[in-house]
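Engineer: predicted model and sequence below, questions to follow.
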Amino acid sequence: MPKVAVIGLDSVPPSLLFERLLDRLPNFRRLYQEGLHGDLRTCDPPITVPAWMVMMTGKNPGKLGIYGFRHRKPGAYSDGYIVNSTHVHADTVWDVLARKGLKSVVLGVPPGYPPKPIEGGSVVSCFLTPSKERPFAYPEGLKQEVLDVTGGRYEFDVTFRTEDRDGIREQLFEMTENRFKVAKHLAERKPWDFFIMHEIGFDRLHHAFWKYFDPAHPKYAKGNKYERIAEEYYEMFDSHLGELFALFPKDTVTFVLSDHGSKGMEGGFCVNQWLEQQGYLKFRTRPSEVTDLDKADVDWPKTKAWGWGGYYARVFFNVKGREPDGVIPPKDLESEKRKLTEKLMGIRDPAGRVMANRVFEPDRLYGTAIGDKPDLMVYFDDLNWRSAGTVGHDTLYLSENDTGPDDSVHSMDGVFMMGVPGRDLGGKELKGLRIEDIGPTILKLYGLGYGDGASVDGRVIPEVVEACR
(Lines give C-alpha, C1' and ligand atoms only; values in the text may rest on other atoms or scores of the structure.)
Protein backbone atom coordinates (compact mmCIF):
# COMPACT_ATOMS: atom_id res chain seq x y z
CA MET A 1 0.00 0.00 0.00
CA PRO A 2 1.51 3.37 -0.99
CA LYS A 3 1.89 6.34 1.29
CA VAL A 4 0.21 9.57 0.20
CA ALA A 5 1.40 13.12 0.94
CA VAL A 6 -0.53 16.34 0.23
CA ILE A 7 1.09 19.76 0.16
CA GLY A 8 -1.70 22.32 0.55
CA LEU A 9 -1.15 25.79 -0.90
CA ASP A 10 -3.80 28.27 0.11
CA SER A 11 -5.15 30.55 -2.63
CA VAL A 12 -2.72 29.68 -5.45
CA PRO A 13 -4.06 30.17 -9.01
CA PRO A 14 -2.82 28.29 -12.10
CA SER A 15 -2.11 31.61 -13.84
CA LEU A 16 0.56 32.44 -11.26
CA LEU A 17 2.12 29.05 -10.50
CA PHE A 18 1.82 27.29 -13.86
CA GLU A 19 2.09 30.18 -16.29
CA ARG A 20 4.34 32.74 -14.62
CA LEU A 21 6.57 31.24 -11.94
CA LEU A 22 7.07 27.57 -12.78
CA ASP A 23 10.42 28.01 -14.59
CA ARG A 24 11.91 29.44 -11.38
CA LEU A 25 10.74 26.54 -9.20
CA PRO A 26 12.64 23.28 -9.86
CA ASN A 27 10.68 21.07 -7.47
CA PHE A 28 7.26 22.31 -8.55
CA ARG A 29 8.42 22.12 -12.18
CA ARG A 30 9.60 18.51 -11.89
CA LEU A 31 6.25 17.45 -10.46
CA TYR A 32 4.44 19.36 -13.21
CA GLN A 33 6.53 17.88 -16.03
CA GLU A 34 6.77 14.30 -14.79
CA GLY A 35 3.40 13.87 -13.12
CA LEU A 36 -0.19 14.93 -13.77
CA HIS A 37 -1.53 18.47 -13.46
CA GLY A 38 -4.57 20.59 -14.11
CA ASP A 39 -6.83 23.36 -12.92
CA LEU A 40 -8.80 22.36 -9.83
CA ARG A 41 -12.27 23.88 -9.73
CA THR A 42 -13.11 24.95 -6.21
CA CYS A 43 -16.43 25.00 -4.36
CA ASP A 44 -19.01 27.77 -4.02
CA PRO A 45 -18.06 29.91 -2.21
CA PRO A 46 -14.31 29.91 -3.02
CA ILE A 47 -13.27 30.46 0.58
CA THR A 48 -10.55 28.67 2.60
CA VAL A 49 -13.22 27.63 5.09
CA PRO A 50 -15.06 25.54 3.78
CA ALA A 51 -12.86 24.62 0.79
CA TRP A 52 -10.30 22.40 2.56
CA MET A 53 -13.02 20.40 4.24
CA VAL A 54 -14.86 20.02 0.93
CA MET A 55 -11.60 18.64 -0.44
CA MET A 56 -11.01 16.24 2.41
CA THR A 57 -14.61 15.02 2.91
CA GLY A 58 -15.86 14.95 -0.68
CA LYS A 59 -18.98 16.85 0.42
CA ASN A 60 -20.15 20.26 -0.77
CA PRO A 61 -20.52 23.21 1.65
CA GLY A 62 -24.29 22.67 1.91
CA LYS A 63 -23.84 19.13 3.21
CA LEU A 64 -21.15 20.37 5.59
CA GLY A 65 -23.24 23.38 6.66
CA ILE A 66 -20.19 25.66 6.32
CA TYR A 67 -20.43 28.75 4.13
CA GLY A 68 -17.41 30.77 5.22
CA PHE A 69 -15.37 31.70 8.27
CA ARG A 70 -18.13 33.62 10.02
CA HIS A 71 -21.76 32.55 10.33
CA ARG A 72 -24.80 34.40 11.60
CA LYS A 73 -26.38 33.12 14.78
CA PRO A 74 -30.00 32.10 14.12
CA GLY A 75 -32.46 34.91 14.82
CA ALA A 76 -29.73 37.53 15.24
CA TYR A 77 -29.16 40.63 13.16
CA SER A 78 -25.45 41.02 13.82
CA ASP A 79 -24.24 38.30 16.19
CA GLY A 80 -22.06 35.69 14.55
CA TYR A 81 -19.59 32.95 15.31
CA ILE A 82 -16.33 31.73 13.76
CA VAL A 83 -16.36 28.22 12.35
CA ASN A 84 -13.94 25.82 14.00
CA SER A 85 -13.11 22.12 13.87
CA THR A 86 -16.08 21.17 16.06
CA HIS A 87 -18.45 22.30 13.30
CA VAL A 88 -17.10 19.63 10.93
CA HIS A 89 -19.20 16.51 11.41
CA ALA A 90 -18.38 14.65 8.19
CA ASP A 91 -15.56 12.12 7.95
CA THR A 92 -12.28 13.42 6.59
CA VAL A 93 -9.72 11.29 4.76
CA TRP A 94 -7.76 10.84 7.98
CA ASP A 95 -10.87 9.83 9.94
CA VAL A 96 -11.51 6.99 7.48
CA LEU A 97 -7.87 5.92 7.50
CA ALA A 98 -7.73 5.88 11.30
CA ARG A 99 -10.60 3.41 11.49
CA LYS A 100 -8.52 1.05 9.35
CA GLY A 101 -5.51 1.40 11.61
CA LEU A 102 -3.63 3.75 9.27
CA LYS A 103 -1.79 6.73 10.72
CA SER A 104 -1.90 10.36 9.59
CA VAL A 105 0.07 13.55 10.11
CA VAL A 106 -2.19 16.61 9.75
CA LEU A 107 -0.42 19.97 9.89
CA GLY A 108 -2.43 23.18 9.80
CA VAL A 109 -5.46 22.09 7.75
CA PRO A 110 -8.38 24.48 8.38
CA PRO A 111 -10.59 24.53 10.28
CA GLY A 112 -8.21 22.67 12.57
CA TYR A 113 -8.67 24.41 15.91
CA PRO A 114 -9.20 22.97 18.42
CA PRO A 115 -7.13 19.96 17.30
CA LYS A 116 -9.19 16.80 17.02
CA PRO A 117 -7.56 13.58 18.21
CA ILE A 118 -6.69 11.01 15.56
CA GLU A 119 -5.98 7.48 16.72
CA GLY A 120 -2.26 6.92 16.30
CA GLY A 121 -1.84 10.22 14.44
CA SER A 122 -0.28 13.66 14.89
CA VAL A 123 -2.21 16.92 14.54
CA VAL A 124 -1.13 20.57 14.65
CA SER A 125 -3.97 23.08 14.44
CA CYS A 126 -4.48 25.79 11.82
CA PHE A 127 -4.26 29.56 11.36
CA LEU A 128 -7.53 29.99 13.31
CA THR A 129 -5.67 29.07 16.52
CA PRO A 130 -6.04 32.05 18.92
CA SER A 131 -2.55 31.83 20.43
CA LYS A 132 0.35 29.53 21.25
CA GLU A 133 -0.85 29.53 24.83
CA ARG A 134 -3.83 27.36 23.87
CA PRO A 135 -3.67 23.59 23.32
CA PHE A 136 -2.88 23.36 19.60
CA ALA A 137 -1.57 19.86 19.00
CA TYR A 138 -2.42 16.20 19.48
CA PRO A 139 -1.14 14.23 21.22
CA GLU A 140 -0.61 16.70 24.05
CA GLY A 141 3.18 16.44 24.09
CA LEU A 142 3.42 17.42 20.43
CA LYS A 143 2.84 21.08 21.28
CA GLN A 144 6.17 21.27 23.08
CA GLU A 145 7.91 19.51 20.21
CA VAL A 146 6.60 22.14 17.79
CA LEU A 147 7.85 24.94 20.01
CA ASP A 148 11.22 23.25 20.57
CA VAL A 149 11.80 22.64 16.86
CA THR A 150 11.12 26.31 16.07
CA GLY A 151 12.77 27.89 19.10
CA GLY A 152 9.36 28.95 20.37
CA ARG A 153 8.76 31.05 17.23
CA TYR A 154 6.07 28.94 15.55
CA GLU A 155 3.24 31.14 14.28
CA PHE A 156 -0.13 30.15 12.86
CA ASP A 157 -0.76 33.33 10.84
CA VAL A 158 0.49 36.84 10.18
CA THR A 159 -1.19 40.24 10.43
CA PHE A 160 -1.72 41.03 6.76
CA ARG A 161 -4.31 43.83 6.62
CA THR A 162 -1.87 46.56 7.49
CA GLU A 163 0.19 49.12 5.60
CA ASP A 164 3.39 47.83 7.24
CA ARG A 165 4.43 45.77 4.21
CA ASP A 166 8.01 45.35 5.45
CA GLY A 167 6.66 43.86 8.67
CA ILE A 168 4.33 41.52 6.79
CA ARG A 169 7.15 40.31 4.58
CA GLU A 170 9.40 39.47 7.52
CA GLN A 171 6.63 37.68 9.42
CA LEU A 172 5.46 35.83 6.32
CA PHE A 173 8.83 34.31 5.42
CA GLU A 174 9.61 33.40 9.02
CA MET A 175 6.20 31.78 9.54
CA THR A 176 6.57 29.57 6.47
CA GLU A 177 10.15 28.59 7.23
CA ASN A 178 9.07 27.52 10.71
CA ARG A 179 6.13 25.61 9.23
CA PHE A 180 8.60 23.60 7.19
CA LYS A 181 10.76 22.93 10.25
CA VAL A 182 7.72 21.34 11.84
CA ALA A 183 6.70 19.54 8.63
CA LYS A 184 10.16 18.01 8.26
CA HIS A 185 10.21 17.01 11.92
CA LEU A 186 6.82 15.29 11.62
CA ALA A 187 7.64 13.62 8.30
CA GLU A 188 10.88 12.20 9.67
CA ARG A 189 10.00 11.42 13.29
CA LYS A 190 6.33 10.41 13.33
CA PRO A 191 4.73 7.29 11.88
CA TRP A 192 2.41 8.03 8.96
CA ASP A 193 0.61 6.51 6.04
CA PHE A 194 -0.97 9.83 5.08
CA PHE A 195 0.72 13.22 5.42
CA ILE A 196 -0.89 16.60 4.78
CA MET A 197 0.39 20.11 5.45
CA HIS A 198 -1.33 23.43 4.72
CA GLU A 199 0.39 26.77 4.20
CA ILE A 200 -1.71 29.92 4.63
CA GLY A 201 1.24 32.13 3.64
CA PHE A 202 0.35 32.14 -0.06
CA ASP A 203 -3.05 33.63 0.71
CA ARG A 204 -1.49 36.32 2.91
CA LEU A 205 1.15 37.09 0.28
CA HIS A 206 -1.52 37.60 -2.36
CA HIS A 207 -3.80 39.75 -0.21
CA ALA A 208 -0.97 41.96 1.00
CA PHE A 209 1.16 42.27 -2.15
CA TRP A 210 -0.83 41.46 -5.32
CA LYS A 211 -0.84 45.03 -6.60
CA TYR A 212 2.94 45.13 -6.30
CA PHE A 213 3.73 42.13 -8.52
CA ASP A 214 0.82 41.85 -10.97
CA PRO A 215 1.05 44.32 -13.91
CA ALA A 216 -2.68 43.76 -14.58
CA HIS A 217 -3.70 45.10 -11.15
CA PRO A 218 -5.35 48.55 -11.40
CA LYS A 219 -2.90 49.92 -8.80
CA TYR A 220 0.31 48.30 -10.06
CA ALA A 221 3.34 50.60 -10.22
CA LYS A 222 6.29 49.32 -12.23
CA GLY A 223 9.62 49.24 -10.42
CA ASN A 224 8.23 49.18 -6.87
CA LYS A 225 10.31 47.62 -4.07
CA TYR A 226 8.08 44.54 -3.78
CA GLU A 227 7.88 43.74 -7.48
CA ARG A 228 9.74 40.42 -7.02
CA ILE A 229 8.16 39.35 -3.75
CA ALA A 230 6.02 36.62 -5.34
CA GLU A 231 9.10 35.07 -6.98
CA GLU A 232 11.03 35.32 -3.71
CA TYR A 233 8.33 33.68 -1.60
CA TYR A 234 7.55 30.90 -4.09
CA GLU A 235 11.30 30.21 -4.55
CA MET A 236 11.76 29.95 -0.79
CA PHE A 237 8.83 27.56 -0.54
CA ASP A 238 10.10 25.47 -3.47
CA SER A 239 13.52 25.07 -1.85
CA HIS A 240 11.99 23.79 1.39
CA LEU A 241 9.62 21.60 -0.61
CA GLY A 242 12.56 19.77 -2.19
CA GLU A 243 14.01 19.09 1.25
CA LEU A 244 10.66 17.78 2.49
CA PHE A 245 10.20 15.53 -0.57
CA ALA A 246 13.61 14.01 0.18
CA LEU A 247 12.36 12.89 3.59
CA PHE A 248 9.30 11.07 2.23
CA PRO A 249 9.50 7.29 1.85
CA LYS A 250 10.35 6.18 -1.70
CA ASP A 251 6.82 4.87 -2.37
CA THR A 252 5.04 8.15 -1.54
CA VAL A 253 2.45 9.41 -4.01
CA THR A 254 2.61 13.20 -3.76
CA PHE A 255 -0.10 15.79 -4.42
CA VAL A 256 0.31 19.57 -4.52
CA LEU A 257 -3.10 21.24 -4.31
CA SER A 258 -4.64 24.65 -3.74
CA ASP A 259 -8.13 25.26 -2.45
CA HIS A 260 -8.97 28.18 -4.76
CA GLY A 261 -7.21 30.87 -6.77
CA SER A 262 -6.53 34.58 -6.44
CA LYS A 263 -6.71 37.62 -8.70
CA GLY A 264 -6.41 41.38 -8.40
CA MET A 265 -9.26 43.19 -6.68
CA GLU A 266 -11.10 45.83 -8.71
CA GLY A 267 -12.69 47.31 -5.60
CA GLY A 268 -15.52 46.93 -3.12
CA PHE A 269 -19.23 47.23 -3.84
CA CYS A 270 -21.25 48.65 -0.92
CA VAL A 271 -23.99 46.06 -0.70
CA ASN A 272 -25.87 47.60 2.24
CA GLN A 273 -25.86 51.09 0.77
CA TRP A 274 -27.25 49.61 -2.44
CA LEU A 275 -29.92 47.75 -0.44
CA GLU A 276 -30.83 51.05 1.18
CA GLN A 277 -31.15 52.70 -2.24
CA GLN A 278 -33.44 49.90 -3.37
CA GLY A 279 -35.68 50.33 -0.30
CA TYR A 280 -34.73 47.10 1.47
CA LEU A 281 -32.67 48.55 4.32
CA LYS A 282 -33.92 51.42 6.50
CA PHE A 283 -32.14 53.59 9.07
CA ARG A 284 -33.66 55.59 11.89
CA THR A 285 -30.66 57.91 11.58
CA ARG A 286 -28.52 57.49 8.51
CA PRO A 287 -24.76 57.19 9.31
CA SER A 288 -22.80 60.38 8.61
CA GLU A 289 -19.48 58.52 8.52
CA VAL A 290 -18.28 55.04 7.60
CA THR A 291 -19.83 52.63 10.08
CA ASP A 292 -20.17 48.87 10.54
CA LEU A 293 -23.77 47.91 9.97
CA ASP A 294 -24.07 46.32 13.41
CA LYS A 295 -23.18 49.71 14.93
CA ALA A 296 -25.58 51.70 12.75
CA ASP A 297 -29.05 52.83 13.79
CA VAL A 298 -30.99 50.35 11.64
CA ASP A 299 -34.78 50.53 11.70
CA TRP A 300 -35.30 46.78 11.76
CA PRO A 301 -39.13 46.78 11.81
CA LYS A 302 -38.99 48.58 8.44
CA THR A 303 -36.05 46.65 6.95
CA LYS A 304 -36.61 43.80 4.48
CA ALA A 305 -33.02 42.67 3.81
CA TRP A 306 -29.40 43.34 4.73
CA GLY A 307 -26.02 41.95 3.77
CA TRP A 308 -22.59 40.95 5.01
CA GLY A 309 -19.31 41.96 3.46
CA GLY A 310 -16.53 39.63 2.36
CA TYR A 311 -15.22 38.11 -0.85
CA TYR A 312 -18.85 37.37 -1.59
CA ALA A 313 -22.00 38.90 -0.14
CA ARG A 314 -24.33 37.04 2.14
CA VAL A 315 -27.83 38.51 2.01
CA PHE A 316 -30.43 37.85 4.71
CA PHE A 317 -34.14 38.62 4.61
CA ASN A 318 -36.02 39.90 7.64
CA VAL A 319 -38.64 37.15 7.96
CA LYS A 320 -41.58 37.15 10.37
CA GLY A 321 -41.19 34.47 13.00
CA ARG A 322 -37.51 33.96 12.16
CA GLU A 323 -35.99 37.34 12.97
CA PRO A 324 -36.99 39.37 16.05
CA ASP A 325 -38.53 42.23 14.02
CA GLY A 326 -39.32 40.27 10.88
CA VAL A 327 -41.48 41.95 8.22
CA ILE A 328 -41.62 39.46 5.34
CA PRO A 329 -44.31 36.76 5.69
CA PRO A 330 -42.71 33.30 5.23
CA LYS A 331 -45.04 32.60 2.31
CA ASP A 332 -43.57 35.58 0.45
CA LEU A 333 -39.92 34.72 0.99
CA GLU A 334 -39.40 32.90 -2.32
CA SER A 335 -40.93 35.72 -4.37
CA GLU A 336 -38.81 38.26 -2.48
CA LYS A 337 -35.72 36.23 -3.31
CA ARG A 338 -36.61 36.27 -7.00
CA LYS A 339 -37.29 40.02 -7.02
CA LEU A 340 -34.04 40.88 -5.28
CA THR A 341 -32.06 38.47 -7.47
CA GLU A 342 -33.35 40.26 -10.56
CA LYS A 343 -32.24 43.60 -9.13
CA LEU A 344 -28.82 42.24 -8.15
CA MET A 345 -28.27 40.91 -11.65
CA GLY A 346 -28.82 44.39 -13.07
CA ILE A 347 -26.15 46.23 -11.02
CA ARG A 348 -23.73 48.29 -13.10
CA ASP A 349 -20.10 49.13 -12.46
CA PRO A 350 -18.78 52.74 -12.32
CA ALA A 351 -18.45 52.81 -16.12
CA GLY A 352 -22.09 51.83 -16.60
CA ARG A 353 -21.40 48.22 -17.66
CA VAL A 354 -23.72 45.56 -16.25
CA MET A 355 -21.63 43.54 -13.82
CA ALA A 356 -21.24 39.79 -14.36
CA ASN A 357 -22.96 39.06 -11.04
CA ARG A 358 -23.99 35.62 -9.89
CA VAL A 359 -26.67 34.98 -7.27
CA PHE A 360 -27.22 31.62 -5.57
CA GLU A 361 -29.83 30.20 -3.22
CA PRO A 362 -28.08 27.64 -1.02
CA ASP A 363 -30.86 25.04 -1.14
CA ARG A 364 -30.87 25.09 -4.94
CA LEU A 365 -27.11 25.34 -5.29
CA TYR A 366 -26.25 22.41 -3.05
CA GLY A 367 -29.38 20.27 -3.10
CA THR A 368 -29.04 19.97 0.67
CA ALA A 369 -28.07 23.02 2.71
CA ILE A 370 -27.86 22.50 6.46
CA GLY A 371 -26.67 24.84 9.19
CA ASP A 372 -26.80 28.62 9.41
CA LYS A 373 -26.94 29.52 5.74
CA PRO A 374 -27.61 32.91 4.12
CA ASP A 375 -30.76 33.43 2.07
CA LEU A 376 -28.75 34.53 -0.97
CA MET A 377 -25.06 34.32 -1.91
CA VAL A 378 -23.82 37.01 -4.30
CA TYR A 379 -20.64 37.22 -6.38
CA PHE A 380 -20.09 40.76 -7.66
CA ASP A 381 -18.72 40.85 -11.22
CA ASP A 382 -17.33 37.32 -11.23
CA LEU A 383 -15.74 38.01 -7.80
CA ASN A 384 -13.63 40.90 -9.16
CA TRP A 385 -15.40 43.19 -6.68
CA ARG A 386 -15.65 42.17 -3.05
CA SER A 387 -18.70 42.91 -0.94
CA ALA A 388 -18.32 45.91 1.37
CA GLY A 389 -20.74 45.66 4.28
CA THR A 390 -20.06 49.02 5.91
CA VAL A 391 -22.35 52.01 5.41
CA GLY A 392 -21.90 55.80 5.39
CA HIS A 393 -19.84 56.00 2.18
CA ASP A 394 -20.48 58.69 -0.41
CA THR A 395 -20.42 56.12 -3.23
CA LEU A 396 -21.38 52.52 -3.94
CA TYR A 397 -17.92 51.80 -5.33
CA LEU A 398 -14.76 51.66 -3.22
CA SER A 399 -11.25 51.44 -4.64
CA GLU A 400 -10.05 49.76 -1.43
CA ASN A 401 -11.31 47.07 0.93
CA ASP A 402 -13.42 48.59 3.71
CA THR A 403 -11.92 46.41 6.47
CA GLY A 404 -8.21 47.08 5.89
CA PRO A 405 -5.66 46.93 3.06
CA ASP A 406 -6.30 44.05 0.64
CA ASP A 407 -5.02 43.73 -2.92
CA SER A 408 -6.65 40.52 -4.12
CA VAL A 409 -9.88 38.58 -4.26
CA HIS A 410 -10.55 34.88 -4.68
CA SER A 411 -11.03 33.06 -7.97
CA MET A 412 -12.59 29.73 -8.82
CA ASP A 413 -9.60 27.71 -10.07
CA GLY A 414 -6.88 26.31 -7.86
CA VAL A 415 -4.01 24.03 -8.85
CA PHE A 416 -3.64 20.26 -9.01
CA MET A 417 -0.35 18.38 -9.36
CA MET A 418 0.53 14.82 -8.46
CA GLY A 419 3.48 12.53 -8.93
CA VAL A 420 4.10 8.80 -8.59
CA PRO A 421 7.53 7.63 -7.42
CA GLY A 422 9.66 6.07 -10.14
CA ARG A 423 7.23 6.90 -12.95
CA ASP A 424 7.31 9.63 -15.56
CA LEU A 425 3.68 10.36 -16.45
CA GLY A 426 4.69 12.88 -19.07
CA GLY A 427 3.18 16.00 -17.56
CA LYS A 428 -0.31 15.12 -18.77
CA GLU A 429 -2.95 17.78 -18.21
CA LEU A 430 -6.21 16.60 -16.66
CA LYS A 431 -9.46 18.43 -17.38
CA GLY A 432 -12.65 18.80 -15.36
CA LEU A 433 -11.09 18.32 -11.91
CA ARG A 434 -13.19 19.44 -8.94
CA ILE A 435 -12.16 20.00 -5.37
CA GLU A 436 -14.75 17.44 -4.19
CA ASP A 437 -12.90 14.75 -6.18
CA ILE A 438 -9.71 14.83 -4.13
CA GLY A 439 -10.84 13.03 -0.97
CA PRO A 440 -12.56 10.11 -2.75
CA THR A 441 -9.52 9.72 -5.03
CA ILE A 442 -7.02 9.63 -2.17
CA LEU A 443 -9.08 7.04 -0.32
CA LYS A 444 -9.32 4.94 -3.47
CA LEU A 445 -5.52 4.72 -3.55
CA TYR A 446 -5.79 2.93 -0.20
CA GLY A 447 -8.61 0.75 -1.48
CA LEU A 448 -11.10 2.61 0.71
CA GLY A 449 -14.13 4.91 0.50
CA TYR A 450 -16.11 7.09 2.85
CA GLY A 451 -18.76 4.41 3.35
CA ASP A 452 -21.60 6.80 2.54
CA GLY A 453 -21.07 7.15 -1.19
CA ALA A 454 -24.61 8.35 -1.87
CA SER A 455 -23.95 11.55 0.09
CA VAL A 456 -20.48 12.24 -1.32
CA ASP A 457 -20.34 14.78 -4.13
CA GLY A 458 -16.87 13.97 -5.44
CA ARG A 459 -15.88 11.27 -7.91
CA VAL A 460 -12.74 9.20 -8.09
CA ILE A 461 -10.33 10.62 -10.71
CA PRO A 462 -9.61 7.58 -12.91
CA GLU A 463 -6.32 8.91 -14.36
CA VAL A 464 -4.86 9.23 -10.86
CA VAL A 465 -5.82 5.70 -9.87
CA GLU A 466 -4.49 4.30 -13.15
CA ALA A 467 -1.20 6.15 -12.71
CA CYS A 468 -0.68 4.49 -9.33
CA ARG A 469 -1.25 0.91 -10.48
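Structural biologist: Everything's here; your move.

Engineer: for the nearest residue to residue 264 once chain neighbours are set aside, what are its contacts?
Structural biologist: Nearest residue to residue 264, sequence neighbours excluded (CB to CB, 6 or more residues apart in numbering): residue 217, at 3.8 Å. Every residue, glycine included, has its C-beta placed from N, CA and C. Residues in contact with residue 217 (CB atoms under 8 Å, 6 or more residues apart in numbering) are 210, 211, 264, 407.

Engineer: for the third one, give me the pLDDT.
Structural biologist: In this model, residue 264 is scored at 96, pLDDT.

Engineer: repeat that for the last one.
Structural biologist: Per-residue confidence for residue 407 comes out at a pLDDT of 92.

Engineer: repeat for residue 1
Structural biologist: 75.

Engineer: which non-adjacent residue is nearest it?
Structural biologist: Once flanking residues are discounted, residue 1 sits nearest to residue 446: 6.2 Å by CB to CB, 6+ apart.

Engineer: doesn't residue 3 make contact with the one you found?
Structural biologist: No. Taking CB atoms under 8 Å as the definition, residue 446 is not a contact partner of residue 3, at 9.7 Å.

Engineer: quick one, strands of the stretch 201-350 of the chain?
Structural biologist: 252-258, 261-264, 267-270, 283-285, 297-298, 305-308, 313-317 (DSSP state E, counting those that start in this stretch).

Engineer: nearest to residue 329, out of those?
Structural biologist: strand 313-317 (10.8 Å; CB to CB).

Engineer: who does the closest one touch, helix- and strand-wise?
Structural biologist: For strand 313-317, the elements it packs on are helix 271-277, strand 305-308, helix 333-344, strand 376-379, judged by 3 or more CB pairs under 8 Å, 6 or more residues apart in numbering; DSSP states H and E.

Engineer: figure out which of those is closest to residue 414.
Structural biologist: strand 376-379 (16.5 Å).

Engineer: ok, now which ones touch residue 352?
Structural biologist: By CB under 8 Å, 6+ apart, residue 352 has no neighbours at all.

Engineer: please apply the same query to residue 401.
Structural biologist: With CB under 8 Å, 6+ apart, residue 401 has these contacts: 161, 265, 268, 386, 388.

Engineer: check residue 98 too.
Structural biologist: Residue 98 neighbours (CB under 8 Å, 6+ apart): 104, 118, 119, 120, 121.

Engineer: distance of residue 146 relative to residue 248?
Structural biologist: 20 Å (CB to CB, to the nearest Å).

Engineer: those two: who's more crowded?
Structural biologist: Taking neighbours as other CB atoms under 10 Å, residue 146 and residue 248 compare with residue 146 leading, 22 against 18.

Engineer: that one and residue 154 touch, don't they?
Structural biologist: Yes. Shown here, residue 146 and residue 154 form a contact pair, counting by CB under 8 Å, at 5.3 Å.

Engineer: can you list residues touching both of those two?
Structural biologist: Listed contacts common to residue 146 and residue 154 are residue 182; contacts here mean CB under 8 Å, 6+ apart.

Engineer: quick check: the residue nearest to the spatial centre of the chain vs residue 202, distance?
Structural biologist: In the chain, the centroid-proximal residue (CA atoms, centre = their mean) is residue 48; its distance is 1.3 Å. Using CB to CB, one gets 11 Å for the distance from residue 48 to residue 202.

Engineer: any residues in contact with both of the two?
Structural biologist: 10, 11.

Engineer: hmm, back to that, which of the contacts of residue 401 are buried? Put it as a ChimeraX command.
Structural biologist: Selection of buried members from these for ChimeraX, criterion 16 or more other CB atoms under 10 Å:
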select :265,268,386,388
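
Engineer: just list the residues touching residue 416, thanks.
Structural biologist: Residue 416 makes contact with 36, 37, 38, 39, 40, 255, 256, 257, 430, 433 under the criterion CB under 8 Å, 6+ apart.

Engineer: ok, the closest residue to residue 100 other than its chain neighbours - how many residues close by?
Structural biologist: Excluding the flanking residues, the one nearest residue 100 by CB to CB, 6+ apart is residue 448, at 6.5 Å. Around residue 448 there are 16 other residues, counting by other CB under 10 Å.

Engineer: wasn't residue 448 part of a helix?
Structural biologist: No. Assigned with DSSP: H, G, I helix; E, B strand; the rest coil, residue 448 falls outside any helix and is coil.

Engineer: pLDDT wise, what is it at?
Structural biologist: 96.

Engineer: quick check on it: phi, psi?
Structural biologist: Here is the backbone geometry of residue 448 (degrees, to the nearest 10): phi -130, psi 170.

Engineer: residue ranges for the helices of the stretch 51-200 of the chain, please.
Structural biologist: 61-64, 93-99, 142-149, 165-189 (DSSP state H, counting those that start in this stretch).

Engineer: most packed of these?
Structural biologist: Across the helices of the stretch 51-200 of the chain, the average number of neighbours (mean count of other CB atoms under 10 Å) peaks for helix 61-64, which reaches a mean of 24.

Engineer: what is the mean pLDDT for that helix?
Structural biologist: On average, helix 61-64 scores 98.

Engineer: now swap in stretch 13-26 and tell me
Structural biologist: 98.

Engineer: can you list contacts of that stretch?
Structural biologist: Stretch 13-26 has contacts (CB under 8 Å, 6+ apart) with 9, 28-29, 32, 37, 39, 230-231, 234-235, 238, 242, 258, 261-263, 411, 413-415.
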